[in-house]
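In: Sequence first, then the predicted structure, then my questions.
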Amino acid sequence: MNVNPEHRSQMAAMSLPALVFTLGMIAFPLIYTLWMSFQSYSSTGQIIGWGPQNYARMVVDDQFWNGIWVTLYLYVLSLALQMVFGTVLALLLFRAKRLPGIVRSLFISPFMMPPVVAGMMWLVILDPSLGAANWLLTAMGLPPSAWLASPAVVVPTLAMIDSWQWTPYVALIVLGGLQSLPPSVYEAAEIDGAPPHKVFWRITLPLLLPTLVTAMVLRSVDLLRFFDLIYITTQGGPSDHSMTLNIYGFRTGFEFFQLGYAGALMVTLSMLVLGAVIALNRLRAAVEW
């Protein structure tokens, strides 16, 4: 359809306010946080200095490096669990075509639950004294666990909770990819007598790679800035063993009022998220078919 130049300019003028508003909502917080990261503030909120001292402080800050480690550990573990179980769930839903709609809805319902509600629910389930999780372990003859209060298992526990909530989201993305695969490839494999496991590893998985990487990009943005579930359940404890960079930045800014250093931490986290997204997008372009 040909659009005359006058009509095109009118359309551009009508969309300009929305475009300016959207860019402003994105650009202003980023620019302000970057500017704030070069400031030093007094206890009363007055600017007392300017320079890269906040970034120099990060290099020698043990809590910063602990936050980087916890963030990456939780990211890798959660992403691996969600991709594996999300793919398995998508395959089950794809093959169970006659599964009742209510059962499908139950499968995908966790990710529609607010993280605050999910966190409070799992706090009750994982309570060391009264929780259903330890009751089940005891009934099976296993020793109870401290779960969120144990430095050794707090990060895997948080990864388990997040995976319970967001695996169905990954499954929906993968299910969409499965439904878009060309049936002719499977017909050819069936004629050749290929066994199911070879069909999955040689055909389904390679064709699904772009969809899987897309799901990884979407989950990476959330996982690297993991906040609400941790704040509800552990607030970074015990002894900073679940203190991600996002939680550390929040507490630095809003509990200790070190706004400049908190800004530097958030800029670093933003660069980490951006780097992961760029790397995964390049991977997606490499596996595109």
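Out: Right, received. Where do you want to start?

In: which ones are touching residue 177?
Out: Residue 177 makes contact with 90, 208, 210-212 under the criterion C-beta atoms under 8 Å, 6 or more residues apart in numbering. C-betas here are computed from N, CA, C, even on glycine.

In: which element follows whichever strand or helix holds it toward the C-terminus?
Out: Assigned by DSSP states H and E, residue 177 falls within helix 154-179. Under the assignment DSSP H and E, the closest C-terminal helix or strand after helix 154-179 is helix 183-192.

In: what comes into contact with that following helix?
Out: 199, 203, 207.

In: Tell me what angle the worst-scoring helix or strand of the chain on mean pLDDT forms with helix 154-179.
Out: In the chain, no helix or strand scores lower on mean pLDDT, DSSP states H and E than helix 101-108, which sits at a mean of 74. Helix 101-108 runs at 140 degrees relative to helix 154-179, counting by axes from the mean of the first three to the mean of the last three C-alpha atoms, to 10 degrees.

In: Restrict helix 101-108 to CA atoms and write it as CSV.
Out: Extracted C-alpha coordinates of helix 101-108, given in CSV (Å, rounded to 0.1, in the frame of the first residue of the first chain):
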residue,chain,number,x,y,z
GLY,A,101,-7.9,-27.2,29.2
ILE,A,102,-8.1,-27.0,33.0
VAL,A,103,-5.1,-29.3,33.3
ARG,A,104,-3.1,-27.1,30.9
SER,A,105,-4.1,-24.0,32.8
LEU,A,106,-2.9,-25.6,36.1
PHE,A,107,0.5,-26.4,34.4
ILE,A,108,1.1,-22.7,33.5
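
In: buried set for it?
Out: Residues of helix 101-108 classed as buried: 107-108 (neighbour count, 16 or more other C-beta atoms under 10 Å).

In: which strands and helices sit next to the helix or strand just after that helix?
Out: Proceeding N to C from helix 101-108, the next assigned helix or strand is helix 115-125, under DSSP H and E. Applying 3 or more C-beta pairs under 8 Å, 6 or more residues apart in numbering; DSSP states H and E, one finds that helix 115-125 contacts helix 154-179, helix 228-233.

In: Comparing the ones you listed, which comes out most buried?
Out: Highest mean neighbour count among the helices and strands packed on helix 115-125 (mean count of other C-beta atoms under 10 Å): helix 154-179, with a mean of 21.

In: could you give me the average pLDDT of that one?
Out: Per-residue pLDDT over helix 154-179 has a mean of 95.

In: next one: stretch 6-23
Out: 82.

In: and which of the contacts of helix 183-192 is nearest to residue 158?
Out: residue 207 (32.8 Å; C-beta to C-beta).

In: in the top helix by length along the chain, what counts as buried?
Out: Ranked by residue count, the top helix of the chain under DSSP state H comes out as helix 62-95. Across helix 62-95, burial judged by 16+ other C-beta under 10 Å covers 63-64, 66-68, 70-72, 74-75, 77-79, 81-83, 85-87, 89-91, 93-94.

In: For that helix, the averaged confidence score.
Out: In the prediction, helix 62-95 has an average pLDDT of 95.

In: repeat for stretch 192-212
Out: Here the average pLDDT along stretch 192-212 is 91.

In: chain center to that stretch, what's the gap?
Out: Relative to the chain's own centre, stretch 192-212 is displaced by 27 Å; criterion: C-alpha atoms, centre = their mean, to the nearest Å.

In: try stretch 98-108
Out: That offset, for stretch 98-108, works out to 25 Å (C-alpha atoms, centre = their mean).

In: who's in contact with it?
Out: For stretch 98-108, using C-beta under 8 Å, 6+ apart, the contacting residues are 89, 93, 168-169, 171-172.

In: on that earlier part again, nearest to residue 42, of the helices and strands packed on helix 115-125?
Out: That would be helix 228-233 among the helices and strands packed on helix 115-125, by C-beta to C-beta, at 27.2 Å.

In: by contact count, what packs against the closest one?
Out: So helix 228-233, by 3+ C-beta pairs under 8 Å, 6+ apart, packs with helix 115-125, helix 154-179, helix 245-254.

In: Quick check: residue 128 is in a strand.
Out: No - going by DSSP: H, G, I helix; E, B strand; the rest coil, the assignment for residue 128 is coil, not a strand.
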